[in-house]
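Chemist: mind folding the following:
(one chain, ligands or ions: 2)
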Amino acid sequence: RYPQRVQLIDVGPRDGLQNEKSPVPAAVKIELTHRLQDAGLTEIEVTSFVSPKWVPQMGDNAEVMAGLARKAGVRYSVLTPNMKGYEAAVASQPDEIVVFGAASEAFSQRNINCSIAESIERFAPVVAAAKAAGIAVRGAMSCTVGCPYEGEIAPSRVAYLAELMKGIGVERVDVADTIGVGTPIKVQKALEATLQYFGVDQVSGHFHDTYGQALPNTLASLEMGIWNFQSSIAGLGGCPYAKGATGNVATEDLVYMLQGMGIETGIDLDKLVDAGLYISDFLQRKPNSRVAVALMNK
Ligand code: HMG
Ligand code: MG
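Modeler: Ligands and ions are numbered 1, 2, ... in the order given. The predicted structure follows:
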């Protein structure tokens, strides 16, 4: 009934750290990425090539990418909202670039300063250039169940965005619950809408855990055969344009659940917990992972 194997993308260095109030040095981001790959993560979302005026936390993007000791078999991805971001990113040799749109018009405006239709016009040359250069292309779709400005989002809006993403040649998409308001049936509807345009192997779940629903939403996705998920080490993160939203589901919690279900992830939970403690110690807080805390107290 469930997939035998799950592929995780840790988005901690990017989604996790883009919202931190105090600056995190590039060296710490690099060390975190190294610890994630040592724990067995084979996909890591490292940074974003966005405007440093909008998101100063990612202003060290090139420095972080340049400092990585890349491990064979690991895919390093970066966010690129437009050609300017793409051109800067390419110099850093990412394995995958991520264009990011939203199923909600209001969120698109707040997050990337343009409408959904305009965003697709900006993404199209990025996708074409990346494919010509042999770089993989992913599309993130925000607010697929709820939006901080528009409230509930209908599955038809998700289908609309998925069709546009498919139309410009995006290879795979993330169905994101940006503010973590989704519950299993709603998430399944957003996934169904996306599956009209992308195969089950090309769709991943990106669930923020604001309301504690990310694990049930993951289970609901697994039931549909989805086997790609994004999570954030130590549950770090949030989006600067989604006030109050917390981080993605903690990678430690997701791995614990999957291991308990006998689903293969290739990840060493002890090393993962250590990676989470490394960044949590730096940030001077407890990991936002129930599993990490439980194992610490054992
Ligand atoms: P804009 O102001 O509309 O862009 O911003 P513009 O083309 O008019 O340019 C304005 C200025 O920005 C110019 O500089 C450009 O050079 C510069 P100036 O002449 O004023 O000095 N600029 C750039 N600089 C660096 N890199 C670039 C770039 N583009 C323009 N790529 C833009 C449009 C998208 C750039 C802006 O709105 C932005 O950076 N937004 C930040 C978006 C962001 O990072 N959001 C968080 C990530 S998305 C997320 O977290 C959701 C996700 O996790 C899924 C989920 O959970 O929902 C993925
Ligand atoms: Mg996110």
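Chemist: residue contacts, Gly139?
Modeler: Counting by C-beta atoms under 8 Å, 6 or more residues apart in numbering, Gly139 makes contact with Val98, Val99, Phe100, Gly101, Phe123, Met165, Val170, Arg172, Val173, Asp174. For glycine as for every other residue, the C-beta is placed from the backbone atoms N, C-alpha and C.
Chemist: roughly how far does Leu68 sit from Ala130?
Modeler: Distance of Leu68 to Ala130, given as C-beta to C-beta, to the nearest Å: 19 Å.
Chemist: neighbour count: these two, which is higher?
Modeler: Ala130 (25 against 18; other C-beta atoms under 10 Å).
Chemist: residues of the chain that sit close to ligand 1?
Modeler: 15, 18, 48-51, 54-55, 79, 81-82, 84-85, 100, 111-113, 140, 142, 176, 178, 206, 208, 239, 241 (C-beta under 6 Å from any ligand atom).
Chemist: hmm, try it at 5 Å
Modeler: When proximity is defined as C-beta under 5 Å from any ligand atom, the chain approaches ligand 1 at 15, 50-51, 54-55, 81, 84-85, 100, 112-113, 140, 142, 176, 178, 239.
Chemist: how close does Gly212 get to ligand 1?
Modeler: Gly212 sits 16 Å away from ligand 1, going by C-beta to the nearest ligand atom, to the nearest Å.
Chemist: so what does the host helix or strand of Glu121 touch, helix or strand wise?
Modeler: Assigned by DSSP states H and E, Glu121 falls within helix 116-132. In terms of contacts (3 or more C-beta pairs under 8 Å, 6 or more residues apart in numbering; DSSP states H and E), helix 116-132 is packed against helix 83-90, strand 96-102, helix 105-112, strand 136-142, helix 155-167.
Chemist: now these as TSV including mean pLDDT?
Modeler: Below are the helices and strands packed on helix 116-132 laid out as TSV (pLDDT from 0 to 100):
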stretch	mean pLDDT
helix 83-90	98
strand 96-102	98
helix 105-112	98
strand 136-142	98
helix 155-167	98
